[in-house]
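> What follows is a predicted structure for the sequence shown.
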Amino acid sequence: MCGKISVVNLKERGSTVKIIAKIRTPFREKFGIPRQSGLADVPGEIVFEKEYRNPDALRGLEGFSHLWLIFSFSESVREEFSPTVRPPRLGGNRRMGVFATRSPFRPNPIGLSCVRLEKIEETEKGPVIFVRGADLLDGTPILDIKPYLPLADCHPEATGGFAEGVQDHALTVSIPEEIEKEILQEDLAVIREILAEDPRPSYQNDPTRIYHMDYGRYSLSFSVADGVLTVAELKLCK
């Protein structure tokens, strides 16, 4: 039908998409989340929904070092389809085809992340998968989990299209000693990684602007000038 977007009713084909788990991460808001998985050693805990808390479903998973997480961009759902998006790393002004990007604004709000498997523990909430390198908002619905297979999933000869020409945005991070003392060492290393990746949109380059980022129990305020990100204030949240 011309001018209308077709919606496939999966139930008519004997299949439904179910939320199998939710991931717990230190990110309470979208700002500051790494743009790709693995860029910072962010911890995550995958907690299964009640009907999927059977340990047998994870039998053999401990032998893999990395996992693919298929998830829902639950905070980025849009009713209307746009064939192009503005990737932040291109300054927010150039448009690219949505299928040439990893933008969350897609016909089906589905994302894919590769994370490192740290451990699996049996808890009062059933088996919990502990991972590292997460780039997901706290509470993000997980639709499926698949093992990463180096033989099939690693392609050293792969090319990165327009993303290869994007300028490296690594920043020097300056955190005053009195603020560093308020941050646990295991959190400090991850926070530095996140800030060094420059969480700002590429089109924002005002050295007088103050940005705010929440990470776990920390709320940080910072500014960026001449390639140096300086943390100005830290608040501890309950």
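Arrived safely, thanks for sending.

> which SS state does the most centrally placed residue in the chain fall under?
The centroid of the chain falls nearest to D135 when counting by Cα atoms, centre = their mean (1.8 Å). What DSSP: H, G, I helix; E, B strand; the rest coil gives for D135 is coil.

> What's the local residue count around T208?
For T208, the count of nearby residues is 6 (other Cβ atoms under 10 Å). For the C-beta atoms, the positions are set from N, CA and C on the backbone; glycine is no exception.

> tell me the contacts of it?
T208 makes contact with S223, according to Cβ atoms under 8 Å, 6 or more residues apart in numbering.

> again, 7 Å this time
If you count contacts by Cβ atoms under 7 Å, 6 or more residues apart in numbering, T208 has none.

> next one: H155
With Cβ under 7 Å, 6+ apart, H155 has no contacts at all.

> Doesn't it lie inside a helix?
No. Counting by three-state DSSP, H155 is located in no helix; its state is coil.

> so how far is T101 from it?
For H155, the distance to T101 (Cβ to Cβ, to the nearest Å) stands at 19 Å.

> cool, E49 as well?
E49 sits 30 Å away from T101, going by Cβ to Cβ.

> one step back: my guess is the residue nearest to the centre of the chain meets A40, correct?
No. At 8.1 Å, D135 does not count as touching A40 under the criterion of Cβ atoms under 7 Å.

> hey, what's in contact with both of these two?
P34.

> For the lengthiest helix in the chain, name the packing helices and strands.
Ranked by residue count under DSSP state H, the longest helix found in the chain is helix 185-196. In terms of contacts (3 or more Cβ pairs under 7 Å, 6 or more residues apart in numbering; DSSP states H and E), helix 185-196 is packed against strand 172-174.

> roughly how far out does the strand it packs on sit from the chain middle?
Chain-centre distance of strand 172-174: 22 Å, with Cα atoms, centre = their mean, to the nearest Å.

> other SSEs contacting that strand?
Packing partners of strand 172-174 (3+ Cβ pairs under 7 Å, 6+ apart): helix 185-196, strand 228-236.

> quick one: strands adjacent to it?
With DSSP bridges as the test, strand 172-174 is paired with strand 228-236 (parallel).

> Skip ahead from the lowest-mean-pLDDT helix or strand in the chain and say which helix or strand is next.
When each helix and strand of the chain is scored by mean pLDDT, DSSP states H and E, strand 84-85 comes last, with a mean of 90. Using DSSP states H and E, the next helix or strand after strand 84-85 towards the C-terminus is strand 96-97.

> In terms of secondary structure, what does that next one contact?
strand 84-85.

> other SSEs contacting the strand it packs on?
Contact here means 3+ Cβ pairs under 7 Å, 6+ apart; on that basis strand 84-85 packs against strand 96-97.
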